[in-house]
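Visitor: Sequence and predicted structure, then a few things I'm wondering about:
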Amino acid sequence: MKIYISLAFLETREAVEIAKAADDLGYDGVGIPDHVVNLETLKTPYPYTKDGKRRWEAFTDWPDPWVLIGALATVTSRLRFVTTVYLPAMRDPYSAAKSIGTAAYLAGGRLELGIGVGWCEEEFTLMGQRFDRRGKRTDEMLELMKELWKPGWTEFDGEFYQTPRLEMEPTPPHIPIFVGGLSDIALRRAARHDGWIGDLITTDRAIERIDKLRELRAEKGLTMDDFVVITPLTDAFTPEHYDRARAGGIDGIITMPWMFYSGPQASLDEKIDGMRKFRKDMALD
């Protein structure tokens, strides 16, 4: 079972220290969320809470994931970086491919691209991108970006993006693509790629989603052998819970270990101490 530390909602400089500690303590990776701005007023309800309210307070840090990964890659040696999740359709594909590819190059193959299609229409509008058909645009962007990350010349003729003959350097190492989301359409998209990232979810529900992914992969003649499932779990906090998750097909957990010991107001030292205790209590060492 791989354990990823979530860097969500942390101060940016604190996130750097948490990543360094995670690397030293033997954790497998860190999860890095994505928002460009946090609008004060939204008509769009947040889809991942019952009351539609956002999980974070105003003025929470949302560092650019690719700048942050570039920085973290220079102060870690083995830690992996997964975005939880990045929204390609809120950007143009060329700038996105350049930023992602550069971060992957600096990380030396330790980057895992977690993507989603997004939920906040107002943020899309502010970024100058259409909210409608964002799923189709995401699919085409991923296809185009894969071409841009290959060595040599690239041409691309899509429904949304027409690309004349060009090249983009540096050429990054392979970038696995994990798709986030709980809906059936998100699972169908995930089944076409390298993995799935869940949201806060129970172990039973995660296993149900994995069974669906197995069916979707089988329809395409694919197995789950090289397919990666990473998710936070709301009901896993003992070694036995983690064993059950692993048996159910979950490859990695995204968590904030300090929440089990000191809570959300933990200091940096308490967070790192919680990470150390968590490894011992979960028998990860």
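Guide: Thanks, I have the structure now. Residues are numbered from 1 along each chain as shown.

Visitor: quick one: the helices in this structure?
Guide: Remark: helices assigned in the chain by DSSP state H are 12-25, 65-75, 93-107, 121-126, 134-148, 184-191, 203-219, 239-247, 268-281.

Visitor: Residues contacting the fifth one, please?
Guide: I take that to be helix 134-148. Helix 134-148 is contacted from outside by 88-89, 93-94, 96-97, 100-101, 115, 117-118, 124, 130, 154, 156, 158-161, 163, 168, 177, 185, 189, 193, using CB atoms under 8 Å, 6 or more residues apart in numbering. C-beta coordinates here come from the backbone N, C-alpha and C atoms, glycine included.

Visitor: switch the cut-off to 7 Å
Guide: Residues from elsewhere that reach helix 134-148 (CB atoms under 7 Å, 6 or more residues apart in numbering): 88-89, 93, 96-97, 115, 117-118, 154, 156, 158-161, 163, 168, 177, 185.

Visitor: ok, now the shortest one?
Guide: Counting by CB under 7 Å, 6+ apart, helix 121-126 makes contact with 36-37, 39, 42-44, 90, 118, 130-131, all of which sit outside it.

Visitor: same check, this time on the last one
Guide: Taking CB under 7 Å, 6+ apart as the criterion, the residues outside helix 268-281 that touch it are 5, 14, 17-18, 21-22, 25-26, 257-258, 260-262, 266, 285.

Visitor: Now which of these would you call buried?
Guide: 5, 17-18, 21-22, 25, 257-258, 261-262, 266 (16 or more other CB atoms under 10 Å).

Visitor: okay, now the closest residue to His174 other than its chain neighbours: neighbour count?
Guide: Excluding its sequence neighbours, the residue lying closest to His174 (CB to CB, 6 or more residues apart in numbering) is Gly109, at 6.9 Å. A count of nearby residues for Gly109, using other CB atoms under 10 Å, gives 13.

Visitor: you'd agree Gly109 is up against Pro176?
Guide: No. Here Gly109 lies out of contact with Pro176, judged by CB atoms under 7 Å, at a distance of 9.8 Å.

Visitor: Include mean pLDDT and distance to Val229 when you put the helices of the chain into JSON lines, please.
Guide: What follows is the helices of the chain, written out as JSON lines (pLDDT from 0 to 100; distance: least, CB to CB, whole Å):
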{"stretch": "helix 12-25", "mean pLDDT": "98", "distance to Val229": "20"}
{"stretch": "helix 65-75", "mean pLDDT": "98", "distance to Val229": "21"}
{"stretch": "helix 93-107", "mean pLDDT": "98", "distance to Val229": "21"}
{"stretch": "helix 121-126", "mean pLDDT": "97", "distance to Val229": "28"}
{"stretch": "helix 134-148", "mean pLDDT": "98", "distance to Val229": "19"}
{"stretch": "helix 184-191", "mean pLDDT": "97", "distance to Val229": "9"}
{"stretch": "helix 203-219", "mean pLDDT": "97", "distance to Val229": "6"}
{"stretch": "helix 239-247", "mean pLDDT": "96", "distance to Val229": "9"}
{"stretch": "helix 268-281", "mean pLDDT": "97", "distance to Val229": "21"}
